[in-house]
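Q: have a look; sequence and predicted model below, questions after that.
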Amino acid sequence: NFVATRFLKYYWDMEYSFKFRQSSDWQDANIRKIIRRMGERRDKKPPTREQIASDENAELRKEVIRRSIKPEVMVHIKTKMPNLFQKEGRSMSITLDRNILGFLGRHHDTVLSIINHKLVTELEKYNRMTPRIATKVSFENAVRPPIPKDEKDLVLWSQGDDRCFYCGRLRNETHFDHVIPYNYVFSNDVYNIVASCQECNCAKHDRLPADDLFGGVVDRNGRLKSMVEGDMPGDSSLAQDAGLLEALSAMSGYAEDQYRILYESCEATYSRGEKFRPDLAAG
């Protein structure tokens, strides 16, 4: 139960945030099937470790041991590693050496780094179109970085008014949305951010926008990129603002073809559901 609880929590968190494939099998690993069957949804956070360890989830833990830990993990563990653990023959249990616990505690960060490196090399085999895998794996308990103020100001300047990029209505409250979901791109690049109303930001959540909405972002980015290349309006207030100019300079590394590929790969591997389109009939 101790291992099953932590095993399930680890993979449930990873599935909720990043949706990594865990196997080369087209049906993927059993742990993902179990998590999805248990009702994992984009708008529902994973249960806590305490909830997984509760009596209510006893059968779930048994299933994880039977269908995932034993057939998908234990079979790959070497028979034994002296001073670490013992595993006899085809046994589906291991015994840790008591002395290893102190070692693991003293060298926690180093051991975790080695484990993450091994995990990344495996995940890269099955998630070839997914960006920043190493950063995502090492992200546990880190704080998501805020969008810099100058980038927000540039996004607002580029839209030109107080309307939501998606629905076109006036924004009562401004939200900055990652066009391609943050959990996929894992970055705050200004070319992937628009200003939206609260309703659209909440409704879109972890989805891609419809193709025509994405096309509008591409057009916006094209205009910003042309300014970096020297096509700056003569009366533009942007030219007089050092912060906006610095944010604009980041567009020098933008490439439309690569951005479109990122959108398509996200659609194929991460955001497979219905794309977001605002309900213009509402309100």
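A: Looks like it came in fine.

Q: any low-confidence regions in the stretch 1-150 of the chain?
A: Scanning the stretch 1-150 of the chain for pLDDT under 70 picks out 26-27, 39-44, 79-80, 88-91, 139-142.

Q: can you rerun that using 90?
A: Residues of the stretch 1-150 of the chain meeting the criterion pLDDT under 90: 1-3, 6-7, 9-48, 69-109, 111-145.

Q: and the strands in it?
A: Counting by DSSP state E, counting those that start in this stretch, the segments of the stretch 1-150 of the chain that form strands are 80-81, 85-86, 95-96.

Q: comparing those, which comes out most buried?
A: Among the strands of the stretch 1-150 of the chain, the stretch with the highest mean neighbour count (mean count of other C-beta atoms under 10 Å) is strand 85-86, at a mean of 14. Heads up, the C-betas are built off the backbone N, CA and C, glycines and all.

Q: what helix or strand is Leu262 on?
A: Using DSSP states H and E, Leu262 sits in helix 256-269.

Q: how close does Ala195 get to Gly222?
A: 18 Å (C-beta to C-beta, to the nearest Å).

Q: which residue packs closest to Pro181, ignoring adjacent ones?
A: Closest residue in space to Pro181, ignoring its immediate chain neighbours: Asp206 at 4.8 Å, by C-beta to C-beta, 6 or more residues apart in numbering.

Q: so that neighbour, which state does it fall into?
A: Secondary structure, DSSP: H, G, I helix; E, B strand; the rest coil: Asp206 is coil.

Q: got it, and Val194?
A: strand.

Q: so it makes contact with Gln159?
A: Yes. At 7.2 Å, Val194 counts as touching Gln159 under the criterion of C-beta atoms under 8 Å.

Q: neighbour-wise, which of the two wins?
A: Val194 (24 against 16; other C-beta atoms under 10 Å).

Q: what segments of this protein are helices?
A: With helices called from DSSP state H, the chain shows them at 2-17, 30-37, 49-52, 58-64, 100-106, 108-126, 133-137, 149-159, 182-185, 198-204, 211-228, 242-249, 256-269.
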